[in-house]
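> sequence and predicted structure, then a few things I'm wondering about:
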Amino acid sequence: GEDVEQSLFLSVREGDSSVINCTYTDSSSTYLYWYKQEPGAGLQLLTYIFSNMDMKQDQRLTVLLNKKDKHLSLRIADTQTGDSAIYFCAESGDNYGQNFVFGPGTRLSVLP
Amino acid sequence: ETGVTQTPRHLVMGMTNKKSLKCEQHLGHNAMYWYKQSAKKPLELMFVYNFKEQTENNSVPSRFSPECPNSSHLFLHLHTLQPEDSALYLCASSSQGGTEAFFGQGTRLTVV
């Protein structure tokens, strides 16, 4: 079945850039997503990219997609303490039913 | 606030109890989902409903029983749970052909 992998932890200093990486196995993925989960909260969609795109930028967030290697990354510029959270990579390849497959999440810790 | 509301936010129940989790969305979405999030595993898709019909049941034990009376409401009925069922249960919704899933805040369930 489909699988999504992420490293579990990442620590960066405030003001630095964070890069969170994700790999997936489903070559028919249509959309790839980054969700953010803050303590005690549900998942919040940060951004998504359509599989025919290589890059998407949204303010401090840059998403890069290497479809050949099935690799997705999320770069957060000028990381702030408020960015500390768990970041989930997800993919959906089924347009009907929207069967999202999530990675295990990367816990980002921002150090002062 | 994502437009998906889950109640209760926290629930403690004994193994012989029967309780229900509720999810409500008024976003006009026609697909709704139950996910389980625990410390040991990444987000696990439990059930998917499309237009009130169950289209996915990911080998979930029968002690979890979903109900979707209409496209705005989704329930998860719980009975004779085990301590290992303690987790965060997240509800999500999306539109058919939509590009993202909207998540509720989750119900933190503790089985004692």
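In hand now; what should we look at? Being a predicted model, the structure only gives us computed values, none of them experimental.
> if I pick residue 100, what's in contact with it?
Picking chain A for this. For A:F100, the contacting residues are A:33, A:90-92, B:33, B:45, B:92, B:101, by Cβ atoms under 8 Å, 6 or more residues apart in numbering or on different chains. Using the backbone N, CA and C atoms, a C-beta is placed for each residue, glycine as well.
> wait, I meant chain B there
B:E100 touches A:31, A:33, A:45, A:48, B:94, counting by Cβ under 8 Å, 6+ apart.
> quick check, nearest of those residues to A:Q6?
Nearest to A:Q6 among the contacts of B:E100 is A:Y33, at 12.4 Å by Cβ to Cβ.
> which residues of chain A score low on pLDDT?
A:1, A:93-99 (pLDDT under 70).
> swap that for chain B, sorry
Residues of chain B that meet the cut-off, pLDDT under 70, sit at B:1-2, B:96-99.
> kindly report the residues of chain A close to chain B.
Proximity of chain A to chain B, by Cβ under 8 Å from any Cβ of the partner chain, involves residues A:4, A:31, A:33, A:35, A:40-45, A:48, A:50, A:88, A:90, A:95-105.
> pull out the buried members of those residues.
Listed as buried from the residues of chain A next to chain B are A:4, A:31, A:33, A:35, A:42-43, A:45, A:48, A:88, A:90, A:97-105; burial here means 16 or more other Cβ atoms under 10 Å in any protein chain shown.
> so which of those residues are in strands?
Counted as lying in strands by DSSP state E, out of those, are A:4, A:31, A:33, A:35, A:43, A:45, A:48, A:88, A:90, A:101-102.
> right, and B:R108 touches B:H10 too?
Yes. Counting by Cβ atoms under 8 Å, B:R108 touches B:H10, with 4.8 Å between them.
> between the two, which one's more packed in?
B:R108 (16 against 10; other Cβ atoms under 10 Å in any protein chain shown).
> for B:Y89, see how far away that one is.
8 Å (Cβ to Cβ, to the nearest Å).
> distance to A:G15 added to the contacts of A:F100, as TSV?
Rendered in TSV, the data for these read as follows (distance: Cβ to Cβ, whole Å):
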residue	distance to A:G15
A:Y33	26
A:A90	28
A:E91	31
A:S92	34
B:Y33	37
B:L45	37
B:A92	34
B:A101	32
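> the residue nearest to the spatial centre of chain B pairs with what?
By Cα atoms, centre = their mean, chain B has its centre lying nearest to B:W34, at 3.2 Å. Beta-bridge partners recorded for B:W34 (DSSP bridges): B:F47, B:C91.
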